[in-house]
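Participant: test case, fold it:
(one chain, ligands or ions: 1)
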Amino acid sequence: MDENKATRGNDLGWSESSARKLQATHCSHCGRTFFPAKEVCSSCYTAKSIASVELSPFGRVYAFTIQRMMTPKWGSQPLVVCYADLQLEGIRVFGRLECAPEEAQIGLPVELVVDDREVAPDGFVYYHFRPVVQASKES
Ligand SMILES: [Zn+2]
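Facilitator: Numbering: from 1, shown residues only. Next up is the predicted model:
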């Protein structure tokens, strides 16, 4: 394998498809799921039972904070960053939360998203969370 062609995005677990999907690994022996993906289970110390799995992009905010010291890339507006627990696997992922500071709350339903503007030429993939707008339940 030509190591210079390995993309960092893949190292972090993003598929190459145009609809980017979040990839992790799952150990069928102990049941643990790893993101970023691991080649060897850190619980069983084996690679035999490790397989790639696709993660759900949906989850809920576990914790958040508002960052007020900005870099030029993000402008002068406060930035919300959070840890969110992915819904199905319980994996906790850190990222920017695309909402106004006053809208952020623990337990907020979110979706992890990435688009082409967030893939750098060197292969780094950036992602963020955005709130999931839930349809009102009318009966
Ligand atoms: Zn294991």
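Participant: so the closest residue in space to C27 that isn't next to it in sequence is in which element?
Facilitator: Nearest non-adjacent residue to C27, counting by Cβ to Cβ, 6 or more residues apart in numbering: C41, 4.0 Å away. Using the backbone N, CA and C atoms, a C-beta is placed for each residue, glycine as well. Assigned by DSSP states H and E, C41 belongs to no helix or strand.
Participant: now do the contacts for C41.
Facilitator: Contact analysis of C41 by Cβ atoms under 8 Å, 6 or more residues apart in numbering lists 27, 29-30, 32, 34, 47, 49-50.
Participant: how is this protein carved up into domains?
Facilitator: Following the assignment in automatic domain parsing, the chain carries domains at 12-55, 57-139.
Participant: just put the ones you listed in CSV and tack on mean pLDDT.
Facilitator: Converted to CSV, these look like this (pLDDT from 0 to 100):
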stretch, mean pLDDT
domain 12-55, 82
domain 57-139, 82
